[in-house]
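A.B. asks: No sequence on hand, only this structure:
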């Protein structure tokens, strides 16, 4: 789901109430950390870039995707750390 391979780093995706936000990435932002965005409740760095690159199915398009926490949307990881916009 979400353009991600099934592997260890994605085993949490869509398995609980929180990791249900399918966040598509702009390739220029997939290595951003939480240091500048400061999403409340997240680790100060929250480096996911290498996991995004490794787990994303490249045939789905550049930039990849990741399943992020939906709590506090739109002030969440997908929107603040990775700069996504609300689609609908």
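C.D. replies: Right, received. Where do you want to start? All figures in this text were calculated on a predicted structure; none of them were measured in a lab.
A.B. asks: ok, what's across the strand from the residue most central in space within the chain?
C.D. replies: Nearest to the mean C-alpha position of the chain, by C-alpha atoms, centre = their mean, lies residue 66 at 3.7 Å. Counting by DSSP bridges, residue 66 forms beta bridges with residue 23.
A.B. asks: Which parts of this structure are helices?
C.D. replies: 34-37, 49-55 (DSSP state H).
A.B. asks: For those helices, state which one has the densest average packing.
C.D. replies: Comparing these by mean neighbour count (mean count of other C-beta atoms under 10 Å), helix 49-55 ranks first with a mean of 17. Every residue, glycine included, has its C-beta placed from N, CA and C.
A.B. asks: pLDDT score assigned to the residue nearest to the centre of the chain?
C.D. replies: Looking at residue 66, its pLDDT reads 95.
A.B. asks: wait, which of the helices of the chain is closest to residue 16?
C.D. replies: Proximity to residue 16, assessed across the helices of the chain by C-beta to C-beta, is greatest for helix 49-55 (17.3 Å).
A.B. asks: Can you tell me what sits against that closest one?
C.D. replies: Helix 49-55 is contacted from outside by 4, 5, 7, 9, 10, 25, 30, 31, 32, 64, 65, 66, using C-beta atoms under 8 Å, 6 or more residues apart in numbering.
A.B. asks: who's in contact with the third one?
C.D. replies: For residue 7, the residues meeting the contact criterion (C-beta under 8 Å, 6+ apart) are 54, 55.
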